[in-house]
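turn this into a structure:
(one chain, ligands or ions: 1)
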Amino acid sequence: MEKRKLTVASFRKMKANQEKIVMVTAYDAPGAAIAAAAGVEILLVGDSLAMTALGYENTLPLTLEESLHHAAAVRRGAPEAFVVGDMPFLSYQLDMNEAVRNAGRYIKEARCDAVKLEGGSEIVPLVEKLVRTGIPVMAHVGLMPQHIQTAGGYRVAGKTQDEAQRLLDEVQAFEQAGAFAVVLECIPARVAERISSAVAIPTIGIGAGSCTDGQVQVCNDLLGLFDRFVPKHAKRYCNLREVMLKAFSDYVKDVKEQKFPTEENSF
Ligand code: KIV
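Numbering: from 1, shown residues only. Purely as a prediction, here's the structure:
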(Lines give C-alpha, C1' and ligand atoms only; values in the text may rest on other atoms or scores of the structure.)
Protein backbone atom coordinates (compact mmCIF):
# COMPACT_ATOMS: atom_id res chain seq x y z
CA MET A 1 0.00 0.00 0.00
CA GLU A 2 1.31 3.48 -0.88
CA LYS A 3 2.19 5.62 2.14
CA ARG A 4 -0.07 8.64 2.65
CA LYS A 5 1.62 12.07 2.52
CA LEU A 6 1.58 13.56 6.00
CA THR A 7 0.18 17.05 6.57
CA VAL A 8 -0.02 19.42 9.52
CA ALA A 9 -3.42 17.83 10.33
CA SER A 10 -1.80 14.37 10.52
CA PHE A 11 0.41 15.44 13.43
CA ARG A 12 -2.45 16.86 15.47
CA LYS A 13 -4.31 13.58 14.86
CA MET A 14 -1.26 11.56 15.93
CA LYS A 15 -1.16 13.52 19.18
CA ALA A 16 -4.88 12.91 19.76
CA ASN A 17 -4.27 9.18 19.14
CA GLN A 18 -1.21 9.21 21.44
CA GLU A 19 1.01 8.10 18.55
CA LYS A 20 4.55 9.42 19.01
CA ILE A 21 5.93 11.60 16.20
CA VAL A 22 9.48 10.97 15.00
CA MET A 23 11.57 13.82 13.63
CA VAL A 24 15.26 13.87 12.72
CA THR A 25 17.49 16.43 11.09
CA ALA A 26 18.54 15.94 7.48
CA TYR A 27 20.94 18.05 5.47
CA ASP A 28 21.34 16.33 2.12
CA ALA A 29 19.52 14.10 -0.37
CA PRO A 30 21.00 10.69 0.59
CA GLY A 31 20.52 11.29 4.33
CA ALA A 32 16.93 12.40 3.73
CA ALA A 33 16.17 9.36 1.57
CA ILE A 34 17.51 6.94 4.19
CA ALA A 35 15.71 8.61 7.11
CA ALA A 36 12.44 8.66 5.16
CA ALA A 37 12.85 5.01 4.18
CA ALA A 38 13.31 4.16 7.87
CA GLY A 39 9.93 5.70 8.69
CA VAL A 40 10.96 9.08 10.10
CA GLU A 41 7.86 11.28 9.85
CA ILE A 42 9.39 14.77 9.82
CA LEU A 43 12.71 15.75 8.27
CA LEU A 44 14.04 18.95 9.80
CA VAL A 45 16.63 20.86 7.81
CA GLY A 46 17.88 22.26 11.11
CA ASP A 47 20.12 25.27 11.35
CA SER A 48 22.41 22.77 13.11
CA LEU A 49 23.45 22.35 9.46
CA ALA A 50 25.86 25.18 10.27
CA MET A 51 27.94 22.92 12.55
CA THR A 52 27.13 19.42 11.31
CA ALA A 53 27.79 19.97 7.61
CA LEU A 54 29.26 23.42 7.03
CA GLY A 55 31.97 23.59 9.67
CA TYR A 56 30.76 26.71 11.51
CA GLU A 57 31.27 26.98 15.27
CA ASN A 58 27.59 27.60 16.03
CA THR A 59 24.32 28.27 14.16
CA LEU A 60 24.68 32.05 13.97
CA PRO A 61 26.69 32.43 10.72
CA LEU A 62 24.33 30.24 8.64
CA THR A 63 22.83 32.19 5.73
CA LEU A 64 19.38 31.89 4.22
CA GLU A 65 20.89 30.85 0.89
CA GLU A 66 22.90 28.04 2.52
CA SER A 67 19.86 26.78 4.38
CA LEU A 68 17.63 26.88 1.27
CA HIS A 69 20.29 25.09 -0.78
CA HIS A 70 20.28 22.16 1.68
CA ALA A 71 16.50 22.20 2.15
CA ALA A 72 16.05 21.77 -1.61
CA ALA A 73 18.49 18.83 -1.56
CA VAL A 74 16.54 17.18 1.27
CA ARG A 75 13.32 17.57 -0.70
CA ARG A 76 14.93 16.02 -3.80
CA GLY A 77 16.11 13.07 -1.71
CA ALA A 78 12.74 12.50 -0.05
CA PRO A 79 9.99 13.71 -2.39
CA GLU A 80 7.16 12.35 -0.21
CA ALA A 81 8.49 13.36 3.20
CA PHE A 82 7.19 16.14 5.43
CA VAL A 83 10.12 18.58 5.34
CA VAL A 84 10.57 21.54 7.70
CA GLY A 85 13.06 24.31 6.91
CA ASP A 86 14.67 25.94 9.94
CA MET A 87 14.96 29.70 9.36
CA PRO A 88 18.46 30.98 10.19
CA PHE A 89 19.40 33.76 12.58
CA LEU A 90 18.32 37.20 11.29
CA SER A 91 16.29 35.81 8.39
CA TYR A 92 13.01 36.54 10.21
CA GLN A 93 13.72 38.81 13.19
CA LEU A 94 14.20 42.16 11.44
CA ASP A 95 11.12 42.97 9.44
CA MET A 96 7.76 41.22 9.16
CA ASN A 97 7.45 41.46 5.35
CA GLU A 98 11.02 40.29 4.83
CA ALA A 99 10.33 37.39 7.19
CA VAL A 100 7.25 36.32 5.21
CA ARG A 101 9.16 36.62 1.94
CA ASN A 102 12.04 34.54 3.33
CA ALA A 103 9.70 31.92 4.82
CA GLY A 104 7.90 31.75 1.49
CA ARG A 105 11.15 30.81 -0.24
CA TYR A 106 11.24 27.57 1.80
CA ILE A 107 7.82 26.71 0.38
CA LYS A 108 8.21 28.01 -3.20
CA GLU A 109 11.87 27.28 -3.94
CA ALA A 110 12.91 24.46 -1.59
CA ARG A 111 9.44 22.84 -1.65
CA CYS A 112 9.35 22.49 2.15
CA ASP A 113 6.07 21.78 3.93
CA ALA A 114 6.68 24.19 6.80
CA VAL A 115 9.22 26.44 8.48
CA LYS A 116 10.56 26.42 12.04
CA LEU A 117 11.29 29.56 14.06
CA GLU A 118 13.08 29.93 17.38
CA GLY A 119 11.73 32.55 19.74
CA GLY A 120 9.22 33.54 22.41
CA SER A 121 6.41 36.06 22.67
CA GLU A 122 8.23 38.52 20.40
CA ILE A 123 7.60 36.30 17.34
CA VAL A 124 3.95 35.40 18.05
CA PRO A 125 2.60 38.13 15.69
CA LEU A 126 4.92 36.84 12.95
CA VAL A 127 3.74 33.25 13.46
CA GLU A 128 0.15 34.47 13.11
CA LYS A 129 0.96 36.36 9.91
CA LEU A 130 2.83 33.42 8.38
CA VAL A 131 -0.01 31.03 9.12
CA ARG A 132 -2.57 33.49 7.71
CA THR A 133 -0.37 33.77 4.62
CA GLY A 134 -0.46 29.99 4.20
CA ILE A 135 2.91 29.01 5.62
CA PRO A 136 2.76 26.31 8.32
CA VAL A 137 4.93 27.10 11.33
CA MET A 138 6.67 24.93 13.89
CA ALA A 139 7.72 27.03 16.89
CA HIS A 140 10.84 26.33 18.98
CA VAL A 141 11.19 27.30 22.66
CA GLY A 142 13.45 26.40 25.58
CA LEU A 143 17.12 26.27 24.75
CA MET A 144 17.42 28.32 21.58
CA PRO A 145 20.85 28.03 19.94
CA GLN A 146 20.28 31.31 18.06
CA HIS A 147 20.18 33.04 21.49
CA ILE A 148 23.38 31.60 23.00
CA GLN A 149 25.10 34.96 23.12
CA THR A 150 22.37 36.57 25.23
CA ALA A 151 21.75 33.40 27.27
CA GLY A 152 25.47 33.03 28.02
CA GLY A 153 25.78 29.61 26.40
CA TYR A 154 23.77 26.43 25.93
CA ARG A 155 21.61 26.27 29.07
CA VAL A 156 18.67 24.16 30.19
CA ALA A 157 15.60 26.45 30.20
CA GLY A 158 12.50 26.46 32.40
CA LYS A 159 14.21 25.43 35.63
CA THR A 160 12.46 28.01 37.84
CA GLN A 161 8.70 28.25 38.30
CA ASP A 162 8.62 31.64 36.56
CA GLU A 163 10.57 30.36 33.57
CA ALA A 164 8.39 27.25 33.34
CA GLN A 165 5.25 29.40 33.42
CA ARG A 166 6.68 31.68 30.72
CA LEU A 167 7.37 28.67 28.50
CA LEU A 168 3.83 27.42 28.99
CA ASP A 169 2.42 30.88 28.18
CA GLU A 170 4.55 31.07 25.04
CA VAL A 171 3.51 27.64 23.78
CA GLN A 172 -0.17 28.48 24.39
CA ALA A 173 0.33 31.76 22.50
CA PHE A 174 1.90 29.86 19.59
CA GLU A 175 -1.04 27.46 19.55
CA GLN A 176 -3.44 30.44 19.46
CA ALA A 177 -1.38 31.99 16.66
CA GLY A 178 -1.81 28.84 14.57
CA ALA A 179 1.53 27.04 14.90
CA PHE A 180 1.01 23.36 14.06
CA ALA A 181 3.70 22.04 16.46
CA VAL A 182 6.37 23.24 18.84
CA VAL A 183 9.90 22.03 19.60
CA LEU A 184 10.78 21.95 23.31
CA GLU A 185 14.56 21.91 23.62
CA CYS A 186 16.38 21.12 26.86
CA ILE A 187 13.74 21.79 29.47
CA PRO A 188 12.97 19.71 32.57
CA ALA A 189 10.86 16.65 31.76
CA ARG A 190 8.10 17.61 34.22
CA VAL A 191 7.79 21.07 32.61
CA ALA A 192 7.61 19.51 29.13
CA GLU A 193 4.94 17.09 30.35
CA ARG A 194 2.86 19.94 31.77
CA ILE A 195 3.15 21.95 28.54
CA SER A 196 2.35 18.92 26.37
CA SER A 197 -0.85 18.21 28.25
CA ALA A 198 -1.93 21.87 28.16
CA VAL A 199 -2.05 22.22 24.35
CA ALA A 200 -3.67 20.32 21.45
CA ILE A 201 -0.74 20.90 19.09
CA PRO A 202 2.07 18.32 19.28
CA THR A 203 5.22 19.05 21.25
CA ILE A 204 8.43 17.62 19.82
CA GLY A 205 11.10 17.22 22.46
CA ILE A 206 14.88 17.14 22.48
CA GLY A 207 16.25 16.90 25.98
CA ALA A 208 12.69 17.35 27.27
CA GLY A 209 11.95 13.87 28.62
CA SER A 210 9.66 11.12 27.39
CA CYS A 211 6.25 12.77 27.76
CA THR A 212 6.39 15.08 24.75
CA ASP A 213 4.27 14.06 21.74
CA GLY A 214 7.32 13.39 19.62
CA GLN A 215 11.10 13.37 19.65
CA VAL A 216 13.73 15.03 17.48
CA GLN A 217 17.40 14.19 17.25
CA VAL A 218 20.28 15.69 15.34
CA CYS A 219 21.21 12.95 12.87
CA ASN A 220 24.95 13.38 13.43
CA ASP A 221 24.49 12.58 17.16
CA LEU A 222 22.30 9.59 16.40
CA LEU A 223 24.68 8.20 13.77
CA GLY A 224 27.87 8.79 15.76
CA LEU A 225 29.35 11.29 13.31
CA PHE A 226 30.09 13.77 16.07
CA ASP A 227 32.99 12.26 17.97
CA ARG A 228 33.90 14.74 20.72
CA PHE A 229 31.11 13.77 23.13
CA VAL A 230 27.55 12.43 23.19
CA PRO A 231 25.21 15.22 24.37
CA LYS A 232 23.12 14.17 27.40
CA HIS A 233 19.92 14.43 25.36
CA ALA A 234 21.24 12.20 22.56
CA LYS A 235 21.59 8.49 22.00
CA ARG A 236 24.20 7.14 19.59
CA TYR A 237 22.58 4.35 17.56
CA CYS A 238 25.72 3.54 15.59
CA ASN A 239 29.27 4.75 15.18
CA LEU A 240 29.36 5.91 11.59
CA ARG A 241 32.55 7.88 12.16
CA GLU A 242 34.39 4.63 13.00
CA VAL A 243 32.86 2.90 9.96
CA MET A 244 33.88 5.78 7.67
CA LEU A 245 37.34 6.06 9.22
CA LYS A 246 37.97 2.37 8.63
CA ALA A 247 36.68 2.52 5.05
CA PHE A 248 38.87 5.53 4.17
CA SER A 249 41.90 3.96 5.91
CA ASP A 250 41.40 0.67 4.04
CA TYR A 251 41.16 2.58 0.77
CA VAL A 252 44.36 4.52 1.50
CA LYS A 253 46.14 1.28 2.36
CA ASP A 254 44.89 -0.50 -0.77
CA VAL A 255 46.03 2.31 -3.08
CA LYS A 256 49.42 2.60 -1.41
CA GLU A 257 49.93 -1.18 -1.60
CA GLN A 258 48.59 -1.28 -5.16
CA LYS A 259 45.72 -3.57 -4.20
CA PHE A 260 43.17 -1.21 -5.72
CA PRO A 261 42.09 -0.99 -8.48
CA THR A 262 42.19 -4.60 -9.60
CA GLU A 263 41.27 -6.17 -12.96
CA GLU A 264 37.69 -6.15 -11.72
CA ASN A 265 37.65 -2.36 -11.40
CA SER A 266 39.36 -1.71 -14.73
CA PHE A 267 38.11 -1.29 -18.29
O1 KIV B 1 18.75 22.91 14.19
C2 KIV B 1 18.37 21.87 14.75
O3 KIV B 1 18.91 20.78 14.54
C4 KIV B 1 17.25 21.99 15.68
C5 KIV B 1 16.86 20.77 16.45
C6 KIV B 1 17.83 20.48 17.52
C7 KIV B 1 15.48 20.88 16.97
O8 KIV B 1 16.70 23.04 15.83
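
element containing residue 24, please.
In this assignment (DSSP states H and E), residue 24 forms part of strand 21-25.

show residues contacting the following helix or strand past that strand.
Next in sequence after strand 21-25, counting helices and strands by DSSP H and E, comes helix 29-37. Outside helix 29-37, the residues within contact range by Cβ atoms under 8 Å, 6 or more residues apart in numbering are 24, 26, 43, 73-78, 80-81, 83, 219. For every residue, glycine as well, the C-beta is placed using N, CA and C.

which secondary structure elements does the strand holding residue 24 contact?
Contacts defined by 3 or more Cβ pairs under 8 Å, 6 or more residues apart in numbering; DSSP states H and E place strand 21-25 against helix 8-16, strand 42-45, strand 214-217, helix 219-223.

quick one: low-confidence ranges for the chain?
1-3 (pLDDT under 70).

how about a cut-off of 90?
Applying pLDDT under 90 to the chain flags the ranges 1-4, 226-231.

give me every residue in the stretch 51-200 of the chain lying close to the ligand.
86, 140, 183, 185 (Cβ under 6 Å from any ligand atom).

generate a ChimeraX selection restricted to the buried subset of those residues.
Applied in ChimeraX, the following selects the buried portion of these according to 16 or more other Cβ atoms under 10 Å:
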select :86,140,183,185
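
tell me which entries of the residues of the stretch 51-200 of the chain next to the ligand lie within strands.
Using DSSP state E, the members of those that fall within strands are 86, 140, 183, 185.

wouldn't the last one be in contact with residue 206 here?
Yes. Residue 185 is in contact with residue 206 according to Cβ atoms under 8 Å; the separation is 5.0 Å.

so how far is residue 220 from the residue nearest to residue 135 when sequence neighbours are not counted?
Among residues not flanking residue 135 along the chain, residue 103 sits closest, at 5.0 Å (Cβ to Cβ, 6 or more residues apart in numbering). Using Cβ to Cβ, to the nearest Å, we find residue 103 at a distance of 26 Å from residue 220.

returning to what we had before: buried deepest among the helices and strands packed on strand 21-25, which one?
Of all those, strand 42-45 has the most neighbours on average by mean count of other Cβ atoms under 10 Å, namely a mean of 29.

may I see the buried residues of stretch 99-113?
By 16+ other Cβ under 10 Å, the buried positions in stretch 99-113 come out as 99, 100, 102, 103, 105, 106, 107, 110, 112, 113.

dump those residues into CSV; add distance to residue 235 and secondary structure as well.
Listed next are the buried residues of stretch 99-113 as CSV, based on distance: Cβ to Cβ, whole Å; DSSP: H, G, I helix; E, B strand; the rest coil:
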residue, distance to residue 235, secondary structure
99, 35, helix
100, 37, helix
102, 34, helix
103, 32, helix
105, 34, helix
106, 29, helix
107, 32, helix
110, 29, coil
112, 27, coil
113, 26, coil
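
just the residues you listed now: which is nearest residue 10?
Among these, residue 113 lies closest to residue 10 (Cβ to Cβ), at 10.6 Å.

which residues are in contact with that closest one?
With contact set as Cβ under 8 Å, 6+ apart, residue 113 has these partners: 7, 8, 82, 83, 84, 107, 136.

I'd like the distance between it and the ligand.
Distance from residue 113 to the ligand, counting by Cβ to the nearest ligand atom, to the nearest Å: 16 Å.

got the buried residues for stretch 228-238?
So, applying 16+ other Cβ under 10 Å, buried residues of stretch 228-238: 231, 233, 234, 236.

which stretches of the stretch 151-267 of the chain form strands?
181-185, 203-206, 214-217 (DSSP state E, counting those that start in this stretch).

point me to the residue of the protein nearest the ligand.
Nearest residue of the chain to the ligand (Cβ to the nearest ligand atom) works out as residue 46 at 2.4 Å.

Provide a list of residues in contact with that residue.
25, 27, 86, 116, 218.

so residue 202 sits against residue 17, correct?
No. Residue 202 lies out of contact with residue 17 (Cβ under 8 Å); the separation is 11.0 Å.

quick one: the helices in the protein?
Secondary structure of the chain (DSSP state H): helices at 8-16, 29-37, 49-52, 64-77, 96-108, 124-133, 148-151, 161-177, 189-198, 219-223, 240-256.
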